[in-house]
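S.K.: Predicted model, plus sequence, below.
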Amino acid sequence: MEREFETLSGPVVGRVEEDVVRVLGVPYATAERFGLPEPVPPFTEPFTAFDRALAPPQHRSELLTRLIGDDDLGDGEPCQRLSITAPADLADGERLPVLVWIHGGSYVTGAGDLHVYDPRSLVAEQRVVVVNLTYRLGVLGFFGDGERVPANLGLLDQLAALRWVRDNIAAFGGDPESVTLFGQSAGGDAIAHLMISEGAEGLFRRAIIQSAPLGITSGRAAMTTAMLAAVGELPPDAPVSEILAAQRVAEKAAKRFGLPGGMPFGVQYGLHPVPAESARDEAWRKAAPRIDVLIGCTAEEAALFAGAIPAVERVFRIPLAGKAVRRLTGPISRKIYDSPARDFARRHREAGGQAVRYRMTWQPAGSPFGAAHITDLPLILGTRRAWEGAQLLGSVSWSEVDRRGRAVRAVWAGFARTGEVSAVDASAARDTLTFPTT
């Protein structure tokens, strides 16, 4: 069954799927290659929002394909799209909390509408509205020098999407005054920087920052300069294949810069809309009183990346030896994820903001990776069909994933409503999440 929504951007038609309504692939902006995002002219005819958004041009991640499977959306440069999932039984005038998903993938892979990011369970169980964003990546989204090509175009795409949400989400039953951003890995990093981006004030009230690699976001200017020098000037009309080949050149130039070279693309400080690196912490302090934060990571983040090496993964699969070797990744996990999350929460509280820190401790039975990076995702997003059989989840039953997922989704939605984690929700999730107080 179809359903039409009247928005400030014009009429939009979605589809009802049992207990939810789907509005897929709505353009929130348009942009020329290496150009700033611009508002889309209002639709004069109903826009049929039936198809998932294309992925941005990218090199597919062999590791993620191996661990969680493949979902080929196709790709294309007109990727500034968003998708909305809402309860199908909305009452007239009902206004629900809105959660906006910003996907991860080291700023070079992924897409908002992958099946593993399907928000149906979160929407149906918790009675919220979820928006999935797709934005530019890699050389096309996070590589400008700030002169010939604007920097931070992917972040500017996200800001354009949030403005669209502010202006239009009420048409789908969402409350524009109760918007929570949630994102994992690079998505969580993007959210942390949206908090201090020019033009973001008033676009969201809360932030859930999952597994953000905040420990490698400092001191990246020299690496970026080396990447830009290695690539040189890219012709604006070059084939996409040439753009992606240049991205490989940039990634190779970044490798000599150590851990930051593991995520060479990302936010560039001192270039619109982000403040200078020297002003970053003060900007986060200034933002603290107006944004509630839930921030954390998994207990064994770096095990995923160590396990990408076949010989290491084989050791991981040996029960006792695997656990011992996984523990060796602990210092890297703490440096890149855990300690920066603790420091972020502490600074936020000291500056007058509300901050809750979590750690996900669940180790899926039969998984060689333990409580690794992205292990939290199937507890929040995605369907049984999308996740069941994924190597990352080992031999764990879907009934256990669903049981734990219901508890975690209640924590996420409860925080979106109140800015806090209730004692009841924390207790229900206690065998999956812990909430350190320091």
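M.R.: Arrived safely. Predicted model, so just to flag it, every value in this text is computed and none were measured.

S.K.: Distance-wise, check residue 437 relative to residue 103.
M.R.: Look at residue 437 and residue 103: by CB to CB, to the nearest Å, they are 30 Å apart. (Each C-beta comes from the backbone N, C-alpha and C, glycine too.)

S.K.: Would you mind telling me which of those two has more residues around it?
M.R.: residue 103 (26 against 6; other CB atoms under 10 Å).

S.K.: so how many other residues sit close to the closest residue to that one other than its chain neighbours?
M.R.: Spatially, and ignoring its direct neighbours in sequence, residue 103 is nearest to residue 110 (4.5 Å; CB to CB, 6 or more residues apart in numbering). Neighbour count for residue 110, taken as other CB under 10 Å: 26.

S.K.: Number the residues from 6 up from this point.
M.R.: Fine by me, first position is 6 from now on; the one you just mentioned is residue 115.

S.K.: so the closest residue to residue 100 other than its chain neighbours is in which element?
M.R.: Distances taken as CB to CB, 6+ apart put residue 180 closest to residue 100, at 3.9 Å, once the chain neighbours are dropped. Following DSSP states H and E, one finds residue 180 within strand 179-189.

S.K.: Not counting the helix or strand just after that strand itself, show me its contacts.
M.R.: Downstream of strand 179-189, the next assigned helix or strand under DSSP H and E is helix 191-199. Here helix 191-199 makes contact (CB atoms under 8 Å, 6 or more residues apart in numbering) with 106-112, 159-160, 163-164, 167, 186-188, 205, 208-209, 212-219, 222, 268, 271-272, 279, 289, 300, 349.

S.K.: Among those residues, name the ones in strands.
M.R.: Secondary structure from DSSP state E places 106-107, 186-188, 212-215, 300 of the contacts of helix 191-199 in strands.

S.K.: circling back to that earlier point, report the separation between the residue nearest to residue 100 and residue 170.
M.R.: Shown here: residue 180 relative to residue 170, a distance of 11 Å by CB to CB.

S.K.: next one: residue 137
M.R.: Residue 137 is 11 Å from residue 170, by CB to CB.

S.K.: which neighbours do those two share?
M.R.: residue 87.

S.K.: quick one on the thing from earlier: ok, residue 180 and residue 170, which is more surrounded?
M.R.: residue 170 (25 against 16).

S.K.: Give me the below-cutoff pLDDT ranges for the stretch 206-355 of the chain.
M.R.: Along the stretch 206-355 of the chain, segments meeting pLDDT under 70 span 312-321, 325-327, 330.

S.K.: Swap in 80 and give it another go.
M.R.: 311-333 (pLDDT under 80).

S.K.: how about the strands in it?
M.R.: Listed from the start of the chain, the stretch 206-355 of the chain has strands (DSSP state E, counting those that start in this stretch) covering 211-215, 297-303.

S.K.: Using TSV, lay out those strands together with mean neighbour count and distance to residue 102.
M.R.: Shown next, in TSV, are those (neighbours: other CB atoms under 10 Å; distance: least, CB to CB, whole Å):
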stretch	mean neighbour count	distance to residue 102
strand 211-215	25	9
strand 297-303	26	12
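
S.K.: Now do the nearest residue to residue 372 once chain neighbours are set aside against residue 406, distance only.
M.R.: Leaving out its chain neighbours, the residue that sits closest to residue 372 by CB to CB, 6+ apart is residue 399, at 3.2 Å. Distance, residue 399 to residue 406, using CB to CB: 11 Å.

S.K.: Could you do residue 356 as well?
M.R.: 37 Å.

S.K.: If you count surrounding residues, which of these two has more?
M.R.: residue 406 (20 against 16).

S.K.: residues in contact with the residue nearest to that one when sequence neighbours are not counted?
M.R.: Excluding the flanking residues, the one nearest residue 406 by CB to CB, 6+ apart is residue 383, at 5.6 Å. Contact partners of residue 383, counting by CB under 8 Å, 6+ apart, are 121, 392, 395, 397-398, 406, 410.

S.K.: Check residue 278 too.
M.R.: Shown in contact with residue 278 (CB under 8 Å, 6+ apart): 157, 160-161, 164, 202-205.

S.K.: go with 6 Å
M.R.: 202-204 (CB atoms under 6 Å, 6 or more residues apart in numbering).

S.K.: all helices in the stretch 56-205 of the chain, in order from the N-terminus.
M.R.: 67-73, 125-131, 143-146, 158-173, 191-199 (DSSP state H, counting those that start in this stretch).

S.K.: The ones you listed: which one's closest to residue 60?
M.R.: Closest of these to residue 60 is helix 143-146, at 11.6 Å (criterion: CB to CB).

S.K.: Show me how far that closest one is from its chain's centre.
M.R.: Remark: helix 143-146 is offset 16 Å from the chain centroid, using CA atoms, centre = their mean, to the nearest Å.

S.K.: Run through who's touching it.
M.R.: Counting by CB under 6 Å, 6+ apart, 113, 158-159, 248, 251-252, 270 sit against helix 143-146.

S.K.: Recalculate using a threshold of 10 Å.
M.R.: Identification of contacts with helix 143-146 by CB atoms under 10 Å, 6 or more residues apart in numbering yields 36, 38-39, 61-64, 82, 84, 110-114, 140, 154, 156-163, 232, 236, 239, 245, 247-256, 269-270.

S.K.: I'd like to know which of those are buried.
M.R.: For the contacts of helix 143-146, a burial check counting by 16 or more other CB atoms under 10 Å picks out 36, 38-39, 61-63, 84, 110-114, 140, 154, 156-163, 232, 236, 239, 248-249, 251-252, 255-256, 269-270.

S.K.: could you point out which element follows the helix or strand where residue 29 lies?
M.R.: Using DSSP H and E, residue 29 sits within strand 25-32. Downstream of strand 25-32, the first helix or strand assigned by DSSP H and E is strand 52-53.

S.K.: Neighbouring strands - and their directions - for that following strand?
M.R.: strand 15-22 (parallel) (DSSP bridges).

S.K.: The strand it pairs with vs helix 158-173, what angle?
M.R.: Calculated by axes from the mean of the first three to the mean of the last three CA atoms, to 10 degrees, strand 15-22 forms an angle of 90 degrees with helix 158-173.

S.K.: Perfect, that will be all.
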